[in-house]
Each structure stands twice: as structure tokens, then as C-alpha cells.
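Engineer: Structural data only, the sequence is not supplied:
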Ligand code: ASP
């Protein structure tokens, strides 16, 4: 029954025919999306990447053999149909389909290929397990939601290329077989056959190379770059992901921000048909933590953390008094949750459990009612106008719920930040299409690494400290903030970058703080440092996670929904079975022996 294509060409794609084509001949090819056999008349929805056209087979117009073949068509068989485009009779149009005004009345049919029954339905809601869908990814990719994500990904990648090219950026490829890059995750390594016992790393990012490109004078670089990191996969991470990677010379962070804002504006206009308001608001890291308890705050949530340490310290509640006595290292913070005075004890208990998971000792609460406090810790605020002052300090109104935590400042901020996100998502209608971008900048340059008992870089070691902090680089590293920035939207981190150190002496001082020995430094990053000795310009850059942008702007549950062939949480590919073992002969050539467990 299967016929060869025999040179036949399509006249239309399945998404093309419209009422104005009525009366013309059509030859369509695609997959049998749905077949409805009404005994006599048979309807076939024929699908390809571009859409679906309804084909009708009428026994009175066709010879018995064609009709018999039509009735044999199974799910996702590959079919060629010839016929005439007809306007559908009034009342029988399908408003849900762009082609819904027409149907193609078939007078010829060729079956180009059969198919096994797919292990899960391609149409409708996807109910199959993700593992099954990953195993048969080519079928999963036929589903509309996933296919449209891939189409959208292409569109925004093109917009990025066009926009940045117009802005004078050059797309330059950097190597895949590299010396380890400084992103701080574990490297994927590739053994060298020509140099047995030596290994290349796969790049965690093009970081070092893009900086060298600035030394080389290219001024404005970008790349749609694959980054590979051998991390234990936390939720929504992939061992290989894609960044829109940028680097620019003779710039401050304002220039980098403006380029990214312009690029996102272009994506919004070209690919989403909407205007984006720029410039984006900016928060210092400190402000973001104080107000939102997060370095990627969701600005859609209509309440923020208020520092109520001093009023709460005058209450009769021992814990609040203690926090005030040891301030500023400790604090009492309150979340005034609008209109949630009626939240149930069960809900409050769940929020307290969440705060405790983040390390808080507990989560106190009180309702605001008639200008006074009610329930929870209200009784500790009975004296004088204390209750009214707490309400004032928290910026709360009648009907609100106060959620209060005390303890170490950073812990209280993080715990309340977590509760804010949780309550925000549960209780407020947060529109996923209301994109609230925010720059968070001036992060601390170093983080204290408990394990190593040493300072380590918060982003990477090439980040320039704030100029006014360079003086106390060695004497008080914890107080040094960097020219380091993130772009966040709606609680997701979308990009990270920094102004880089371009002077060897300063680079050596920073490396001294994290305790990296000069030999180690030379071995790892010697080529970059050496390049700095030949007129390195001031420079900086950023990288945006492309996969995440697709999911944020276009939908999906995880970045896997933006990647054609993603890996599972345990870094395997269920479709092709990677990773696999290697032929012992190949290992021998590489002089590699697998150690017994
Ligand atoms: N290479 C950095 C990263 O992957 C981004 C940057 O600093 O430009 O996080």
C-alpha cells in the first residue's frame, strides 16, 4: 500500500489553505492527526508543522480502492492527499482552526508511510510521563506546545542576532575543547588521544575567551553559546544549556544594561507583539535582600519585608526584645500581607513550616482589625500605642495579616523572602505574562566558604570590585561589593554578568583574598593574565539564559520544554541512551583504564 513520493510536490502546507483558495487544486502531505469515519464519509485531519487541514473522502466521488485505503489510515501515518479546496458550508466552519473556513475534498490518496501506534497521544493534553515523552522525543516534539516553543526559540534567537549585529556586535565562536573555565562547577572532561593522560574541558561558558577577544580589540562580541556544567542537577538545570553571551569594551554597567534592555525590547516587539518598558528598575543587592529577602525578587507580589525591629523590641515578647537588643546583627521583620487577615490557622502553620525550613525559629502572626492587632502575638503589644506603631511600621492596613520573624538579619530576610514568594503565589493572581524585570547589582564580591574556611568568589574571580571598596579588599573582604549584576523577572534569574578586572595587579590581589596560589593561578588562567599585560581595555559583559527566556516568555514547566533534546535529572538522554560505555579498544588508545568500584 505504501507508495514512493515519485517526485510529487506539495502545493500548500497543511496550515495554508484559506477560503480564497476555494476551487483550486491542492496537494497536501502530512501526518494523519485524526480520522473520523462516519460510515460513508471519512474525515481526515492532516497535520504538519504549519497547521491542520480537514480532508474529506466521499465514497460517491472516489473509486472503491482509494476509499478502502483511506479507511486503512492509522494514527500518524504519513499521507499525501490530492483534491479541491472547498469553502465549508455556512455553519460548519471551525473557528478554532486558521484553515477552518475550508476543507479539501480528496480525489487522490497516497500512503507514504505507516506508523506504529504512538505510545502516547500527540493531540490534546499531555498525560504521559515525562520519561516516556523523553524516550520518544520525536513524537513529543510533534505536540503543539513543544513545537511552538522550538519555533519561538528560533524566532528570538534570530531577533537577538539581528539586533546585536545592528548594534555593532560580532558573533564569534569560541572553542569547545578548552582549558577549564572559571564558573565554579565541575567540568566535563574530554581525554586527548594525541596527549595521553591529558584532558580538555568542555566550556562552562566562553568567559575567558570572550575576555581575550576584548584584549584582541573586537570591542563588541556575542555568541549563542552552549555551556556545559557537570553539576548534580537541581530542579530545572540541564548539563548543557545555552547562553546569549556578550562582552563589551570601554563600558560601565549602564552600557551593558542598555544593550540587554534594547535586545529584550526587540524580542518583545518582533516576537511577542508588545512594547517593553525600559529602562528596568535597579536594586542593589542589599536593598533587594532588605525589601524582598531575595536576589531575584518577584515584583508582582504586592507586599515587602518591613524592618520593625525597634517597635517590636518594645513589646512584651522576649524574642522580639532579644532581636532589638542585638541589632543590627539581628532584626525583627514583618510581612504585611494585604487582605489576608482571614487566613486560616492551617495556612499560617504551613507558612511557618516554610519559614522554619529556611532556618527561622518560628513565624509569629497577628491580624490587623479596626486599627488594632488581633490574635497571635497581639497580646504582647497591649501597652500604650504599641500595636498602632507596629501597624504603622509594617505599613499594614485593616484586614491585613502580619507575618513576623526574628533572628539573624540575613536569616530573617531569606526566611521572610521565601514566605513572601509562597504566599504571593498562593494568594495573589500573579499574571505570568506581566513581566517585571529588575536589575540587581552590587552583589558582595566574596562569599565565606564554610567547608574551605576561606573566601570564595560570589560570581567568578574576574569581577571588578566597586572602586570605593578596593581599599579594604584585604582588610575586610566581606564588605567588598563587586560591579556584579543579575537580571531577574518574576522570581527567576535570567542573566548574570560583571565589569571585569583588566589589570594584572588588581587581579592578583583578588586572587590573594581567595587564597589562590600564584602557581595555581598561572596554571589555570595564565593565558588570560598574560594577555592583560598587553593593553587590556576596561571591559564587561553578561550572559542570559536562552532556555529560560523561552520558557518565561512562551510557556513551559521547565527549561526542558525549551530544548529539543534535553537530558533527565540524572543527566541521561532517554532517546539515544547517552552516556554509554566506550569500546575497550578506544579506551586503550586513550590510555584510560576504568577503575574497579
Ligand atoms: N560567564 C558568566 C556565567 O556564565 C557570565 C558573565 O559573567 O558574562 O555566569
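Structural biologist: Perfect, thanks for sending it. Bear in mind that the values here come from a model prediction, so they are computed numbers and not experimental data.
Engineer: who in the stretch 451-597 of the chain is up against the ligand?
Structural biologist: 496-498, 541-543 (Cβ under 6 Å from any ligand atom). (Glycine included, C-beta is placed from N, CA and C.)
Engineer: So in terms of bridging, what pairs with residue 84?
Structural biologist: Here residue 84 sits in beta bridges with residue 25, residue 105, going by DSSP bridges.
Engineer: With residue 242 instead?
Structural biologist: Note on residue 242: beta-bridge partners residue 226, judged by DSSP bridges.
Engineer: Residue numbering should commence at 33 henceforth.
Structural biologist: Shifting the count to begin at 33 puts that one at residue 274.
Engineer: per-residue confidence for it?
Structural biologist: Residue 274 is assigned 98 on the pLDDT scale.
Engineer: residues in contact with it?
Structural biologist: Counting by Cβ atoms under 8 Å, 6 or more residues apart in numbering, residue 274 makes contact with 256-259, 577-579.
Engineer: same check, this time on residue 83
Structural biologist: 45-48, 129-131.
Engineer: Show only the entries of the residues of the stretch 483-629 of the chain next to the ligand found in strands.
Structural biologist: 528-530, 573-575 (DSSP state E).
Engineer: still on that earlier bit, just the contacts of residue 83: which are in strands?
Structural biologist: Using DSSP E to define strands, no part of the contacts of residue 83 is located there.
Engineer: Please indicate which of those are buried?
Structural biologist: Among the contacts of residue 83, the ones that count as buried by 16 or more other Cβ atoms under 10 Å are 46-48, 131.
Engineer: So which of these is the closest to residue 521?
Structural biologist: If you rank these by distance to residue 521 using Cβ to Cβ, residue 47 comes first, at 31.7 Å.
Engineer: which residue packs closest to that closest one, ignoring adjacent ones?
Structural biologist: Distance criterion Cβ to Cβ, 6 or more residues apart in numbering; nearest residue to residue 47, sequence neighbours excluded, is residue 83 at 2.3 Å.
Engineer: Identify the bridge partners of that neighbour.
Structural biologist: Beta-bridge partners of residue 83, as defined by DSSP bridges: residue 80.
Engineer: ok, so what distance separates it from residue 89?
Structural biologist: 20 Å (Cβ to Cβ, to the nearest Å).
Engineer: okay if I get the ones in strands among the residues of the stretch 483-629 of the chain next to the ligand as a markdown table plus pLDDT and neighbour count?
Structural biologist: Output for these, formatted as a markdown table (pLDDT from 0 to 100; neighbours: other Cβ atoms under 10 Å):
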| residue | pLDDT | neighbour count |
| --- | --- | --- |
| 528 | 96 | 21 |
| 529 | 97 | 26 |
| 530 | 97 | 24 |
| 573 | 98 | 24 |
| 574 | 98 | 23 |
| 575 | 98 | 24 |
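Engineer: any chance of those in a markdown table, plus distance to residue 198?
Structural biologist: Below are these laid out as a markdown table (distance: Cβ to Cβ, whole Å):
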| residue | distance to residue 198 |
| --- | --- |
| 528 | 25 |
| 529 | 21 |
| 530 | 25 |
| 573 | 18 |
| 574 | 18 |
| 575 | 20 |
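Engineer: which one of these sits closest to residue 173?
Structural biologist: Using Cβ to Cβ, these come closest to residue 173 at residue 575, 26.5 Å.
Engineer: tally of neighbours for the residue lying closest to that closest one once chain neighbours are set aside?
Structural biologist: Leaving aside its chain neighbours, residue 575 sits nearest to residue 275 (4.1 Å; criterion: Cβ to Cβ, 6+ apart). Residues lying near residue 275 (other Cβ atoms under 10 Å) number 21.
Engineer: give the contact list for residue 275.
Structural biologist: Counting by Cβ under 8 Å, 6+ apart, residue 275 touches 237, 256-257, 259, 575-578.
Engineer: Now a ChimeraX select for only the buried ones of the residues you listed.
Structural biologist: What follows is the ChimeraX syntax selecting those of those that are buried according to 16+ other Cβ under 10 Å:
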select :237,257,259,575,576,577,578
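Engineer: Quick check: closest non-adjacent residue to the closest residue to the ligand within the stretch 183-332 of the chain.
Structural biologist: Residue nearest to the ligand within the stretch 183-332 of the chain (Cβ to the nearest ligand atom): residue 237, separated by 3.5 Å. Leaving out its chain neighbours, the residue that sits closest to residue 237 by Cβ to Cβ, 6+ apart is residue 259, at 4.8 Å.
Engineer: mind listing the strands in the stretch 33-182 of the chain by residue range?
Structural biologist: Secondary structure of the stretch 33-182 of the chain (DSSP state E, counting those that start in this stretch): strands at 57-69, 74-80, 83-89, 110-119, 134-145.
Engineer: Go through the ones you listed and pick out the most buried.
Structural biologist: Counting by mean count of other Cβ atoms under 10 Å, strand 83-89 has the highest mean neighbour count of those, with a mean of 23.
Engineer: Strand 74-80 and that one, what's the angle between them?
Structural biologist: Between strand 83-89 and strand 74-80, the angle comes out at 150 degrees (axes from the mean of the first three to the mean of the last three Cα atoms, to 10 degrees).
Engineer: Just want the angle from strand 83-89 to strand 134-145.
Structural biologist: 90 degrees.
Engineer: any weak-confidence spans in the stretch 133-282 of the chain?
Structural biologist: Counting by pLDDT under 70, the stretch 133-282 of the chain contains no low-confidence segment.
Engineer: Does residue 250 touch residue 201 like I think?
Structural biologist: No. Counting by Cβ atoms under 8 Å, residue 250 does not reach residue 201; the two are 9.2 Å apart.
Engineer: Who has more neighbours out of those two?
Structural biologist: residue 201 (22 against 16).
Engineer: wait, that one sits on residue 256?
Structural biologist: No. Using Cβ under 8 Å, residue 201 is not in contact with residue 256; the gap is 11.7 Å.
Engineer: pLDDT score for the nearest residue to residue 346 once chain neighbours are set aside?
Structural biologist: Closest residue to residue 346 apart from its sequence neighbours, by Cβ to Cβ, 6+ apart: residue 418 at 6.1 Å. At residue 418, the pLDDT value in this model is 96.
Engineer: quick one: contacts for residue 418?
Structural biologist: Contact analysis of residue 418 by Cβ under 8 Å, 6+ apart lists 343, 346-347.
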